[in-house]
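# Below is the sequence, then the predicted model.
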Amino acid sequence: MKKVSMLFLFLFYLCSWAQEHTMTINFNDGGTLILPLDEIETMTFEEMTDPVHIETAQKVISQFTLLQNYPNPFNLCTRISFVLPENGDAEISIFNVNGKLVKALYSGMLTEGNHELPWNGQDENGNIVASGVYFYQVNFENEIISKKMILVK
C-alpha cells in the first residue's frame, strides 16, 4: 500500500510540475519568444502606433480562449479559466466520457475579459463523481471550445 501511495504522489508531482502556461510572441523578422505566464509582470507595445496594428493586437489578446484547467489531474477541486472578447451569453458545462451532462457550472450573461470558475467534482445533485476523464466546455456566442481533465481520488 505504501509503495502505491508513493508512486501516486510522485506521478501527481510530475504532472503538476510539468504543467506550465506560456505566451508565444512572433516577431516580424520571423523570430519567436516563448515566456512562462507566471514570469510576465507587464507588457507594453511601444512601437504599435498605427491604428491598424493596435486593432490587430487587441483582436489577438482578446479572443475567445479556453485555458487548460488547473490543477490537472485534480483531486478535490479544479479551476476552469477562459477569456471572452466581448459581453455575451455563455454556458460552461462538464461532461463525462459518454457525453452525458454531469454539471452545468454557469449559464447566463458574462462581461468581456478573464473568467475563472471552480468545479468541486460534484454532479447536478451534489454527488461526488467517480475518478476518470471528464470534458469541460464553454459555449459563447455559438462557438464551442472543449478540453479534457482528469479527476483522481
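Yes, it's here.

# CA atoms for contacts and neighbours, from now on please.
Fine.

# Just list whatever residues bridge to residue 140.
residue 90, residue 143 (DSSP bridges).

# quick one, strands of this protein?
22-26, 32-36, 65-66, 78-84, 88-96, 101-110, 113-119, 132-140, 143-151 (DSSP state E).

# With respect to residue 126, which of these lies nearest?
strand 101-110 (9.3 Å; Cα to Cα).

# Remind me what the closest one packs against, helices and strands.
strand 88-96 (3 or more Cα pairs under 8 Å, 6 or more residues apart in numbering; DSSP states H and E).

# hmm, try it at 10 Å
In terms of contacts (3 or more Cα pairs under 10 Å, 6 or more residues apart in numbering; DSSP states H and E), strand 101-110 is packed against strand 88-96, strand 113-119, strand 132-140.

# orientation of that strand relative to strand 132-140 in degrees?
For strand 101-110 against strand 132-140, the angle by axes from the mean of the first three to the mean of the last three Cα atoms, to 10 degrees is 20 degrees.

# list the buried ones in strand 101-110?
102-103, 105, 110 (16 or more other Cα atoms under 10 Å).

# what's around residue 84, how many residues?
Residue 84: 20 surrounding residues under other Cα atoms under 10 Å.

# how much space between it and residue 99?
25 Å (Cα to Cα, to the nearest Å).

# ditto for residue 143
18 Å.

# Same question for residue 123.
14 Å.

# got it, and residue 73?
Counting by Cα to Cα - residue 73 and residue 99 are separated by 19 Å.

# ok, now residue 128?
From residue 128 to residue 99 the distance is 18 Å (Cα to Cα).

# Quick one: low-confidence residue ranges for the protein.
For the chain, applying pLDDT under 70 flags the ranges 1-23, 25-29, 31-62.

# again, only this time at 50
The chain contains residues with pLDDT under 50 at 1-2, 4-18.
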